[in-house]
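Asks: got a predicted structure here, sequence first:
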Amino acid sequence: MYKKFSSFEELVSDFRTRDLIALRYADDEDNLHDISYAELAEMIVAETKRIKAGHSDVEVVRDEQSPETIVSIFAHVMAGCDIIIADPMVPDDAVSRADAAATAAKAARAEAEGETGSHASPNGEGELLFFTSGTTSRSKIVRLTSQSFCTSAWSGQSMLACGEGDIILSILPLSHVFGFVCSMLWGFAYGATIALGRGVRHIVDDTLFFKPTILPAVPTLIGAMLKFDTLNPELKVALIGAAPCTPEVTAALRAKGIDVYLGYGLTETSSGIAITQDLDEPEALYPCPGADFRIEEDGEVTIATPCMMQGYIGAEPMFEGDRFFTGDLGWFDEKGRLHLKGRKKDVLLMPDGTKIFCPEYEDDLMKHSSLPDLGIVMKDGHAVLVAGSLTDDPAIAEDIRSKMLKKVGEYNKSLQRSQQIYDVIVRKEPLPRTATGKLKRYELQDEIDCSC
Amino acid sequence: MELTRDEIKEKVIKLIHNFIPELQDAELEEDSIINTDTNIDSLSLIMLITKVESTFNIRIPRKEWTSINTLGELLDKIEELK
């Protein structure tokens, strides 16, 4: 049975008892450096004391993938300070808005609870605030706790164990819960060494430099490592999450003798809540301990879990009792395993783990087009725009497509690559909509899937 | 000795042919679009940029990567930073 920590303070106290390497990183000349668990604990405690002296309610920590970032995250939370972990590429104004909203929300909560201090979370530590997506303007801010993250690390360990002797390569952003838990906290909790990647320039070949035994990654990244043959022979386990993985990638990893685990989770659930186990059923998900899944009448997956968020900042979560509506459609097989079959909501999950909020794209494109009937869906791992043209004439349809491709080309310039629109499909029928005019995206997606 | 633009172009095209399998036979001109998923996926672009940086001993700031769309723009950037 693995120890379940209830706070970062308890976890960091445990660090002091270990004679193991916690962190491995490279300097600018690619010289390797190690930090032991005991040393890391000292650094965190010293920083916690410093922060307490000049206490602030909410702090932004830019995810620089450095020992300093990690120390700062633990120390701020232990000092009772809420933190926003933001990707360096998120614009300053978006982070400032989030900071202001989080500060106001925290003050409102403290007032409502009749508190004067800032220690409102269950274990007295600060909250960790994550964006549901790093880039879209409609990204939500999710309130998570050190307790929910420690529970998430424990439940992950119960399904897939790491420990002394393991090296976990940390190349995923810590500003994403999958990266935060699976490429850092999980390893720290159970005595593995976290090798901090050297940055985006080495994201594909850090495997050969650090020689990890466990690699948490998104499908796009694993695909690139296979393509450039940069997976190291010491690698035993690939933990793939944040987006669906193709069977070809899974098979290629297994052919190299690497065990493949696919995780399913949400920002709102502090990362993973289910994971694959069976080699013969690579997509069948087993719920993590405490994760209670249910399929609603319309096929939507709902979840109750001890790792659930405290709520959003500035938005109402989709709860019914303690059950959270995931927006994913799924079904259970006869063995009680969960299978996912797509999204019900208006969010597309791209293979690199980023998200597209479809109505935002559709609204923007409709403003710059004479076509009112547009929808964004997924095709071959890319976002595509589907337009209802109401014409039987192929020449007119092609003309519409050509004009839309130009507009899409312009629009794409403002988007990061994985979130760009890849193609335009023109159909003669109107798009499927509800009586109130809302796009039935899952029906449109089914049609596109069937036509492939 | 300073490389001419044609010499830089030749070296970059060789890098693309060697490191981007799907473009190993492609004929590339200065207006060829390289920064798009139809030609190079985002991680292959990272690989290409790191190879370009080490070959020409330059550092292209990360925030400028997305503004490089064509082979010609990549050559401009190399000339600017050399």
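Replies: Looks like it came in fine. Residues are numbered from 1 along each chain as shown, chains lettered A, B, ... in the order given.

Asks: residues in contact with A:V60?
Replies: A:V60 makes contact with A:83-84, A:86, A:95, A:98-99 under the criterion Cβ atoms under 8 Å, 6 or more residues apart in numbering or on different chains. C-beta: built from backbone N, CA, C; applies to glycine.

Asks: please disregard the earlier target; I meant A:S271.
Replies: If a contact means Cβ under 8 Å, 6+ apart, then A:S271 has A:149, A:152, A:156, A:177-178, A:180-182, A:241, A:263, A:265, A:307 as its contacts.

Asks: what sits closest to it if chain neighbours are left out?
Replies: Distances taken as Cβ to Cβ, 6 or more residues apart in numbering or on different chains place A:V181 nearest to A:S271, at 3.8 Å, with adjacent residues excluded.

Asks: pretty sure the one you found is touching A:I273, no?
Replies: No: in this structure A:V181 lies outside contact range of A:I273 using Cβ atoms under 8 Å: 11.0 Å.

Asks: low-confidence ranges in the stretch 101-250 of chain A?
Replies: Low-confidence regions of the stretch 101-250 of chain A, defined by pLDDT under 70, span residues A:114-122, A:133-138.

Asks: could I get the full set of strands for it?
Replies: Remark: strands of the stretch 101-250 of chain A, listed N- to C-terminal, are A:127-131, A:141-145, A:167-170, A:193-196, A:214-217, A:237-240; assignment by DSSP state E, counting those that start in this stretch.

Asks: may I see the ones you listed organised as CSV, with distance to chain B and mean neighbour count added?
Replies: Written out in CSV, the entries for the strands of the stretch 101-250 of chain A read as follows (distance: least, Cβ to the nearest Cβ, whole Å; neighbours: other Cβ atoms under 10 Å in any protein chain shown):
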stretch, distance to chain B, mean neighbour count
strand A:127-131, 19, 26
strand A:141-145, 24, 23
strand A:167-170, 15, 25
strand A:193-196, 17, 26
strand A:214-217, 11, 26
strand A:237-240, 15, 22
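
Asks: can I get those strands in TSV including distance to B:S44?
Replies: Below are those laid out as TSV (distance: least, Cβ to Cβ, whole Å):
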stretch	distance to B:S44
strand A:127-131	27
strand A:141-145	32
strand A:167-170	20
strand A:193-196	24
strand A:214-217	16
strand A:237-240	19
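
Asks: would you point out which residue of the stretch 51-200 of chain A is nearest chain B?
Replies: Distance from chain B to each residue of the stretch 51-200 of chain A (Cβ to the nearest Cβ) is smallest for A:V200, at 6.2 Å.

Asks: residues contacting A:S183?
Replies: Listed by Cβ under 8 Å, 6+ apart, the contact partners of A:S183 are A:168-172, A:174, A:194, A:216.

Asks: any chance of CSV for those, columns distance to A:A291?
Replies: Shown next, in CSV, are these (distance: Cβ to Cβ, whole Å):
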residue, distance to A:A291
A:I168, 22
A:L169, 26
A:S170, 24
A:I171, 26
A:L172, 22
A:L174, 23
A:I194, 25
A:P216, 19
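
Asks: in strands, which of the contacts of A:V60 appear?
Replies: Assigned to strands by DSSP state E, the following of these qualify: A:83-84, A:86.

Asks: where in chain B is pLDDT low?
Replies: Within chain B, the ranges that satisfy pLDDT under 70 run B:1, B:35-40.

Asks: phi and psi next, for A:A242.
Replies: Main-chain torsions, A:A242, degrees, to the nearest 10: phi 80, psi -20.

Asks: is it true that it touches A:H176?
Replies: Yes: using Cβ under 8 Å, A:A242 is in contact with A:H176, at 6.9 Å.

Asks: so what sits against both of these two?
Replies: A:G353.

Asks: where does chain A get nearest to chain B, residue-wise?
Replies: Distances from chain A to chain B, computed as Cβ to the nearest Cβ, single out A:A224 as the nearest residue at 3.7 Å.

Asks: doesn't B:L45 make contact with B:I34?
Replies: Yes: using Cβ under 8 Å, B:I34 is in contact with B:L45, at 7.4 Å.

Asks: give me the mean pLDDT for stretch A:422-441.
Replies: Regarding stretch A:422-441, the rounded mean pLDDT is 83.

Asks: kindly report the same for stretch A:63-73.
Replies: Here stretch A:63-73 scores 92 as its mean pLDDT.

Asks: how about stretch A:305-313?
Replies: When the per-residue pLDDT values of stretch A:305-313 are averaged, the result is 92.

Asks: kindly report the same for stretch A:255-273.
Replies: Looking at stretch A:255-273 alone, the average pLDDT works out to 93.

Asks: in it, what's buried?
Replies: Neighbour counts over stretch A:255-273 (16 or more other Cβ atoms under 10 Å in any protein chain shown) mark A:258, A:260-273 as buried.

Asks: among the residues you listed, which pair sits farthest apart?
Replies: With distance counted by Cβ to Cβ, no two of the buried residues of stretch A:255-273 lie farther apart than A:I258 and A:E268, which are 29.8 Å apart.

Asks: how does chain A divide into domains?
Replies: In the domain annotation for chain A, the residue ranges read A:8-343, A:348-451 (automatic domain parsing).

Asks: out of those, which is the most enclosed?
Replies: For the domains of chain A, ranked by mean neighbour count under the definition mean count of other Cβ atoms under 10 Å in any protein chain shown, the leader is domain A:8-343 at a mean of 19.

Asks: what's in contact with the strand or helix carrying A:S13?
Replies: Element membership of A:S13 [criterion: DSSP states H and E] is helix A:8-15. Contact partners of helix A:8-15, identified using Cβ under 8 Å, 6+ apart, comprise A:3, A:5, A:22, A:37-38, A:40-41, A:44-45, A:74, A:77-78, A:123, A:125, A:146, A:150, A:188-189.

Asks: quick one: low-confidence ranges for the stretch 351-452 of chain A?
Replies: For the stretch 351-452 of chain A, applying pLDDT under 70 flags the ranges A:435-436, A:452.

Asks: where do the helices sit along it?
Replies: Per DSSP state H, counting those that start in this stretch, the stretch 351-452 of chain A has helices spanning A:358-367, A:394-412, A:441-451. These are given in chain order.

Asks: kindly report the same for the stretch 1-150 of chain A.
Replies: Secondary structure of the stretch 1-150 of chain A, counting by DSSP H, counting those that start in this stretch: helices at A:8-15, A:37-53, A:67-78, A:92-112, A:146-159.

Asks: and those as a markdown table, adding distance to A:V237?
Replies: What follows is those, written out as a markdown table (distance: least, Cβ to Cβ, whole Å):
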| stretch | distance to A:V237 |
| --- | --- |
| helix A:8-15 | 22 |
| helix A:37-53 | 22 |
| helix A:67-78 | 22 |
| helix A:92-112 | 34 |
| helix A:146-159 | 12 |
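
Asks: enumerate every residue touching the residue in chain B that chain A sits nearest to.
Replies: When distances are taken as Cβ to the nearest Cβ, chain B approaches chain A most closely through B:L43, which lies 3.7 Å from it. Contacts here follow Cβ under 8 Å, 6+ apart; on that basis B:L43 touches A:203-204, A:220-221, A:223-224.

Asks: okay if I get the residues you listed as a markdown table plus distance to A:K49?
Replies: As requested, those are exported to a markdown table (distance: Cβ to Cβ, whole Å):
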| residue | distance to A:K49 |
| --- | --- |
| A:I203 | 35 |
| A:V204 | 40 |
| A:T220 | 41 |
| A:L221 | 38 |
| A:G223 | 45 |
| A:A224 | 42 |
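
Asks: out of those, what pair is the most spread apart?
Replies: Pairwise distances across the contacts of B:L43 peak at 12.5 Å for A:I203 and A:G223 (criterion: Cβ to Cβ).

Asks: list the contacts of A:C358.
Replies: Residues near A:C358 by Cβ under 8 Å, 6+ apart: A:346-348, A:375-377, A:441.

Asks: if we only consider the residues you listed, which is nearest to A:K406?
Replies: Comparing the contacts of A:C358 against A:K406 with Cβ to Cβ picks out A:I376 as the nearest, at 17.3 Å.
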